[in-house]
Each structure stands twice: as structure tokens, then as C-alpha cells.
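Chemist: Return a 3D structure for these sequence lines:
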Amino acid sequence: MGLIRRLRVTQRAMERARLGVSPRDRIRNVDFRRRTRDTDIAERVAKLKWQWAGHIVRRKDVRWGPKVLDWQPRTGKRSVSRPPTRWTDDIKRVAGSRWIQAAQNRGIWNSLQKTYVQQWTSIG
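Modeler: Here you go, the predicted structure:
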């Protein structure tokens, strides 16, 4: 959540600078988005993450990408006090535990993308 919030704040600051508007002018964020016609940065990041995960899984070479996605810690469990989520945990929430098989089929993978982007951007 903190990452999404910081990305959006930075994007709004850039939009204000580009339009030459001060925060004292009290213009709503929706108006900036309409004027600049920019997409939300959180949506863009989520879409790129989803596409990259599908690309890595579908690759047939022996590079380290798929191995990192399948990696499990030595103990098999994470620590007790609010453990950090793995990179694939939020992908598994949308596509299920068999997300690697779903990524092999581009049609299924692309249909799940919109759900993932909505879910990922709504937490911020």
C-alpha cells in the first residue's frame, strides 16, 4: 500500500509541475487526470508486473527467472510476525495456486489481467 501511495503522490506532483499549478490552487486530482490524459501509475505498474510474470513463465530457456518464481525458503514457512509477501503471492490470489499453468495459455492469462490490475490498484 505504501508503494502505491508514494507512486501516486509522485505522479500527481509531476502532473502539477507540468501544468504549472500550485497545490494552493485547490484543483482536484481527477481534473489533472482529465487534463493530462495520463493513466494511473499504479495501473501501469500492475499491468507490467502481470505481463512480465507471464513472459517469464512461458520462456523455454534455462535462465534464472522461472527458478526464482518457484523458489521456496529452506524452512518452507515464513516468520510469524507479519511476514513479507513474496512476489508471486498476489498473482496467486487472482490466478490461483496453478497460476504457472494458467500463464501458459495467453488467452486465459490476458483475461485474468484486468482482474489483477483492479485488485492491485484498489489496495492503495
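Chemist: Next secondary structure element downstream of the helix or strand bottoming out on mean pLDDT in the chain?
Modeler: Every helix and strand of the chain was ranked by mean pLDDT, DSSP states H and E. The lowest is helix 65-70, at a mean of 69. Going down the chain from helix 65-70, the next helix or strand is helix 89-95, by DSSP states H and E.
Chemist: in the helix or strand following that next one, what's buried?
Modeler: Heading C-terminal from helix 89-95, the first helix or strand you meet, by DSSP H and E, is helix 99-104. For helix 99-104, the neighbour count (16 or more other C-beta atoms under 10 Å) marks 99-100, 102-103 as buried. All C-beta spots, glycine's among them, are computed from the backbone N, C-alpha and C.
Chemist: Then stretch 4-11?
Modeler: 4, 7-8, 11.
Chemist: Which residue comes closest to the residue nearest to the spatial centre of the chain once chain neighbours are left out?
Modeler: Computing the C-alpha centroid of the chain and ranking residues by C-alpha atoms, centre = their mean puts Ala46 first, at 2.4 Å. Leaving aside its sequence neighbours, Ala46 sits nearest to Trp120 (C-beta to C-beta, 6 or more residues apart in numbering; 3.9 Å).
Chemist: and the one helix or strand the one you found maps to, what other elements does it pack with?
Modeler: Applying DSSP H and E as the criterion places Trp120 in helix 106-122. Other helices and strands packing on helix 106-122, by 3 or more C-beta pairs under 8 Å, 6 or more residues apart in numbering; DSSP states H and E, are helix 41-58, helix 89-95, helix 99-104.
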